[in-house]
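> Next one to model:
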Amino acid sequence: MTARIKFRQWTRRVMYFFPIQLLLLHLKKNHLLLLTWLVLFGYVTESLGVKYGVPNLFLYPEYFGRVNFLSYAILGFAVGGFITAFNLYSYTMHGYRFPFILTIARPFLKFNVNNAVIPVVFILTYLWCSARFQSAKELVPALDIIANLAGFLVGIGVFLLLALLYFTRTNTDITKLLGKDPEDLRPDEPLVDIIGPQHAHAPRGGSERRKALRWLRRQQRSEKWRVETYLSPRLRIMLARRSDHYDQELLRDVLWQNHINGSIFEVVLVLSFIALGAFSDVGLFFIPAGASAFLLFTMLLMLISALFSWMQGWTGTVVIGTIVLLNWMSHHTERFLYDSHAYGLDYTATPAVYDRATIAALANDTATARADAERLVATLEQWKADNTALPHAGDRPPLVIVNTSGGGLRALLWTFRCLQVADSMLGGTLMDRTVLISGSSGGLIGATYFRQLYLLANDTLDRASPERITELSGDMLNPLVFSFVTNDMFIRYRSVKYGTNRYTLDRGATFEQRLNASTNQVFSDLRIGDLAQAEREARIPMLVIAPTSINDGRRLVIAAQPMAFLTSISPQARSSIPSQPEAIEFQRLFSDQGAKDLLLTTALRMNATFPYITPVVTLPSDPPMRVMDAGVRDNYGYRATLAFLHTYREWIAANTGGVVLLQLRDTQKELEVQSSSASLIGRITDPVGSVYDNFVRVQDQDYDLMLRLAGAGHDFPLHLVDIQLRHDAEEQISLNWHLTALERRRVLRSIGSATNRTAFERLQRLVLGTPTDRKMSGENAPVPVTGPAPRP
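I've put the predicted structure just below:
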């Protein structure tokens with residue numbers, strides 16, 4: 001019988017062990033909080049966000065271009081903040097369910113120890129996954145792995161120590177009221193006999209007392225959770241004291257003071273994070289993007305916890321009501337709504353009219369389209385004169401057009417590297433032979449940078465140098481995420497000035513500053529109109545940038561030259577079928593708002609606006625036009641290319657040896673057919689998920705169809721040279737603005753694949769006629785360019 005009683009007692013003490021009860025409480029009541037943890041577990045175990053490289057940001061954090069003890073320590077410090085927010089949230093929301101915790105010294109510290117099951121499992125999981133990632137994917141030596149992970153643990157420890165020092169020194173507990181540890185008291189000894197009724201019922205202000213009494217009544221009606229054992233800070237299992245013989249008002253005072261003290265800590269910490277937004281453009285604060293993500297989760301948890309400390313059960317209602325109120329107010333005022341601006345445009349001028357009538361008028365203005373097309377014939381004639389003097393295949397020089405895909409930093413790096421190799425194999429004459437460059441996102445940024453280096457012809461900025469690759473591959477994501485977390489989510493109280501105009505400072509400015517730093521400031525203060533003369537004189541190829549309007553899905557064609565023929569209905573069209581225009585010319589629509597003064601970096605940013613990473617830009621029109629990534633409509637720029645070829649088809653047939661389309665893709669084209677899911681959830685999600693998964697494939701199929709039709713309908717040869725960034729399914733290369741060292745090596749290695757070597761050799765034959773002694777170089781550097789310098 002005694003053994004049976006002891007077994008039941010042991011079983012009960014295990015079942016009602018405080019850490020187990022807290023874990024069950026989270027499973028029952030904290031679903032949103034558990035979802036946050038699940039997302040974080042998904043990232044560190046590489047189960048979520050692999051395509052976009054999200055796990056890399058957590059498992060291999062980069063700070064100032066390096067991964068070391070300091071970068072891991074910063075990430076660990078942010079994780080420590082999140083764990084503290086998790087504990088504060090749990091203590092504030094559910095501490096009253098465990099009244100025994102108030103009968104022991106330092107209740108918040110001991111609550112943290114017993115609430116550590118999920119954080120400890122997460123930390124252990126992170127250590128294992130990060131060590132495996134560093135060893136298998138980044139080839140980091142064992143000692144460096146140990147040092148990095150030690151930095152992670154040190155960072156966590158530092159934040160937790162600072163937080164606990166604050167709470168242990170400022171929180172009231174029963175020990176401070178009794179003058180002794182209550183664990184030394186007999187369980188049946190009345191507390192009132194020790195401290196006296198005058199202390200047990202100490203007077204306080206009327207309003208505070210009424211608030212506390214109301215709070216107590218609510219908590220007394222709430223469910224209490226049974227606890228028989230708990231874990232001490234020294235990791236000893238202790239018996240939980242009964243609380244029913246304690247003065248309930250005194251216990252209430254302890255918990256109430258702890259809640260208020262915690263809310264003060266949370267508010268101060270959130271305000272400190274917001275204040276960091278003032279330094280969002282200072283390199284020292286470009287902390288790892290993973291750390292910024294933890295800061296975001298920390299701030300949200302602390303805000304909710306602080307609100308609950310004051311509003312209790314009304315917190316959810318207040319949050320939902322505030323969101324509804326702000327949404328209603330946004331229809332009547334824009335004072336608290338912050339638009340991201342296009343730098344260089346005049347937002348004080350009368351907004352451009354953006355409606356169906358205006359769009360139709362611009363599209364049907366065939367006279368302007370014809371005049372723009374005729375004006376550029378002189379440019380084509382100059383190109384012909386320059387290229388006739390160059391060695392070329394056939395009797396007439398081939399006309400080269402470059403189309404490049406989007407894809408963040410990987411596309412930027414890939415495009416620039418491809419142009420280096422192609423330029424080298426053509427003897428440094430690629431830009432001389434190219435008439436038009438178009439594309440989207442990072443790919444077009446890389447092509448524009450290569451074009452600008454060619455124009456400058458600066459010995460210190462050799463476009464063929466491996467140093468350009470190193471500079472371009474630097475991180476751009478860390479400052480963006482930090483600016484979003486500390487500035488863009490809250491009050492944007494800073495501004496930036498360009499010329500005579502002032503604009504709201506946000507992560508858009510941060511992106512442009514980082515882009516200028518990665519490109520040796522060659523784009524700094526460069527406006528769209530500044531490039532018009534060089535393009536007219538055929539010293540550099542014409543550039544077409546075409547972001548997408550999210551108002552109606554049309555392309556917004558931005559170019560230094562007036563190019564109405566790219567957006568207008570062709571006057572030679574034989575069909576009488578009515579059609580609506582699918583593009584708008586930027587220069588004509590925003591002529592009164594300073595279209596030619598638009599910064600080139602801003603145009604490139606609009607063309608590469610990945611949702612939520614960089615802000616959607618609002619243009620000065622009525623209604624306001626909002627634009628984002630060109631890849632939404634045209635990931636390769638082929639619409640602009642085909643419109644150009646159609647407009648000048650007669651001139652091309654009479655004056656060139658044909659057209660060579662150099663297509664630079666950041667993904668392989670021949671993808672395997674994916675099997676559909678047979679699971680219940682898969683059958684529900686596949687119809688929606690397939691639209692997103694096949695987004696690029698659909699554009700590929702449209703591109704191929706339109707090229708075949710164009711080739712059949714024109715009287716000149718049309719050749720496609722396709723250079724693809726090929727990699728295996730297990731060798732993912734992130735689609736974002738950050739690449740690890742291994743991913744950079746994968747990008748550079750792919751240039752030398754057998755398929756790409758064949759494609760480059762074909763480009764050489766199509767342009768030069770016969771193979772030359774210039775061969776493809778390896779992944780480290782292209783063959784030195786010895787071709788002619790650009791004309792001044």
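> And the strands in the stretch 401-550 of the chain?
All strands of the stretch 401-550 of the chain, identified by DSSP state E, counting those that start in this stretch, fall at 434-439, 495-498, 501-504, 542-545, 548-549.
> Lowest average confidence across these, which one?
Ranked by mean pLDDT, the strands of the stretch 401-550 of the chain end with strand 495-498 in last place, scoring a mean of 82.
> The nearest residue to residue 610 once chain neighbours are set aside - how many residues pack around it?
Sequence neighbours aside, residue 629 is the residue nearest to residue 610 in space, at 6.0 Å (criterion: CB to CB, 6 or more residues apart in numbering). All C-beta spots, glycine's among them, are computed from the backbone N, C-alpha and C. Per other CB atoms under 10 Å, the neighbour tally for residue 629 reads 21.
> right, and residue 629 touches residue 443 too?
No - applying CB atoms under 8 Å as the test, residue 629 and residue 443 come out as separate, 11.4 Å apart.
> Let me see the contact set for residue 723.
The neighbours of residue 723, taking CB atoms under 8 Å, 6 or more residues apart in numbering as the test, are 418, 422, 662-665, 756, 759-760.
> go with 7 Å
By CB atoms under 7 Å, 6 or more residues apart in numbering, the contact set of residue 723 is 418, 663-665, 756, 759.
> returning to that earlier point: which residues does the residue nearest to residue 610 contact?
Counted by CB under 7 Å, 6+ apart, residue 629 has contacts 406, 440-441, 547-548, 607-610.
> Check residue 635 too.
Per CB under 7 Å, 6+ apart, neighbours of residue 635: 405-406, 440, 696, 699.
> Can you classify the most centrally placed residue in the chain as helix, strand or coil?
In the chain, the centroid-proximal residue (CA atoms, centre = their mean) is residue 613; its distance is 3.4 Å. Put simply, residue 613 is coil when judged by DSSP: H, G, I helix; E, B strand; the rest coil.
> what residue ranges in the stretch 551-700 of the chain score low on pLDDT?
569-578, 669-696 (pLDDT under 70).
> Helices of that one, residue ranges please.
586-589, 600-607, 638-647, 649-655, 680-693, 695-713 (DSSP state H, counting those that start in this stretch).
> Check the stretch 351-500 of the chain too.
356-363, 366-375, 377-388, 408-425, 430-433, 441-456, 466-472, 477-483.
> closest one to residue 106 among these?
helix 477-483 (34.6 Å; CB to CB).
> Quick one: mean pLDDT over that closest one.
82.
> Equivalent analysis for stretch 403-418, please.
92.
> How far does it sit from its chain's centre?
17 Å (CA atoms, centre = their mean, to the nearest Å).
> Mind listing what's buried along it?
Buried positions in stretch 403-418, judged by neighbour count with 16 or more other CB atoms under 10 Å: 403-418.
> now swap in stretch 139-150 and tell me
140, 145, 148-149.
> Helix or strand: which one has residue 93?
helix 69-94 (DSSP states H and E).
> Output the contacting helices and strands for that helix.
Taking 3 or more CB pairs under 7 Å, 6 or more residues apart in numbering; DSSP states H and E as contact, the helices and strands that helix 69-94 lies on are helix 107-114, helix 142-170, helix 248-275, helix 289-311.
> Swap in 8 Å and give it another go.
Counting contacts by 3 or more CB pairs under 8 Å, 6 or more residues apart in numbering; DSSP states H and E, helix 69-94 is packed against helix 18-29, helix 31-44, helix 107-114, helix 117-136, helix 142-170, helix 248-275, helix 289-311.
> For these, please prepare JSON lines with the additional fields distance to residue 741.
Output for the helices and strands packed on helix 69-94, formatted as JSON lines (distance: least, CB to CB, whole Å):
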{"stretch": "helix 18-29", "distance to residue 741": "38"}
{"stretch": "helix 31-44", "distance to residue 741": "19"}
{"stretch": "helix 107-114", "distance to residue 741": "37"}
{"stretch": "helix 117-136", "distance to residue 741": "11"}
{"stretch": "helix 142-170", "distance to residue 741": "13"}
{"stretch": "helix 248-275", "distance to residue 741": "30"}
{"stretch": "helix 289-311", "distance to residue 741": "16"}
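> Least confident of the ones you listed, on average?
helix 248-275 (a mean of 65).
> Could you list the low-confidence segments of the stretch 301-450 of the chain?
For the stretch 301-450 of the chain, the stretches flagged by pLDDT under 70 are 305-316, 326-327, 329-337.
> Does residue 159 touch residue 85 like I think?
No - no contact is recorded between residue 159 and residue 85 when judged using CB under 8 Å, the distance being 10.4 Å.
> Comparing these two, which shows the higher neighbour count?
Legend: neighbour count by other CB under 10 Å for residue 159 and residue 85, higher for residue 85 (26 against 19).
> Give me the distance between the more buried one and residue 109.
Residue 85 is 16 Å from residue 109, where distance means CB to CB, to the nearest Å.
> so who does residue 135 touch?
Neighbours of residue 135 in contact, by CB under 8 Å, 6+ apart: 142, 145.
> circling back: and which of the contacts of residue 635 is nearest to residue 341?
Among the contacts of residue 635, and counting by CB to CB, the member closest to residue 341 is residue 440, at 21.3 Å.
> The closest one and residue 403: what is the separation?
As judged by CB to CB, residue 440 and residue 403 stand 10 Å apart.
> so how far is residue 659 from residue 560?
Taking CB to CB, one finds residue 560 at 22 Å from residue 659.
> between those two, which one's more packed in?
residue 659 (27 against 24).
> so the more buried one touches residue 399, yeah?
Yes - using CB under 8 Å, residue 659 makes contact with residue 399 at a distance of 5.1 Å.
> ok so, going back, of the contacts of residue 629, closest to residue 100?
Nearest to residue 100 among the contacts of residue 629, with distances taken as CB to CB, is residue 610, at 50.7 Å.
> Correct me if wrong: that closest one contacts residue 441.
Yes - Residue 610 lies in contact with residue 441 (CB under 8 Å); the separation is 7.3 Å.
> which residues are common contacts for the two?
Common neighbours of residue 610 and residue 441 (CB under 8 Å, 6+ apart) are 408, 629.
> Just want to know which of these two has more residues nearby.
With neighbours defined as other CB under 10 Å, residue 610 and residue 441 compare such that residue 441 has more, 28 against 19.
> Distance-wise, check the closest residue to residue 628 other than its chain neighbours relative to residue 107.
Distance criterion CB to CB, 6+ apart; nearest residue to residue 628, sequence neighbours excluded, is residue 609 at 4.1 Å. Residue 609 sits 49 Å away from residue 107, going by CB to CB.
> Could you do residue 48 as well?
36 Å.
> out of these two, which sits in the more crowded spot?
More crowded of residue 48 and residue 107, by other CB under 10 Å: residue 107, with 25 against 16.
> isn't the more buried one right up against residue 100?
No - using CB under 8 Å as the test, residue 107 is too far from residue 100 to be in contact (9.3 Å).
> Identify the residues contacting the residue nearest to residue 726 when sequence neighbours are not counted.
Leaving aside its sequence neighbours, residue 726 sits nearest to residue 668 (CB to CB, 6+ apart; 4.7 Å). Going by CB under 8 Å, 6+ apart, residue 668 touches 724-727.
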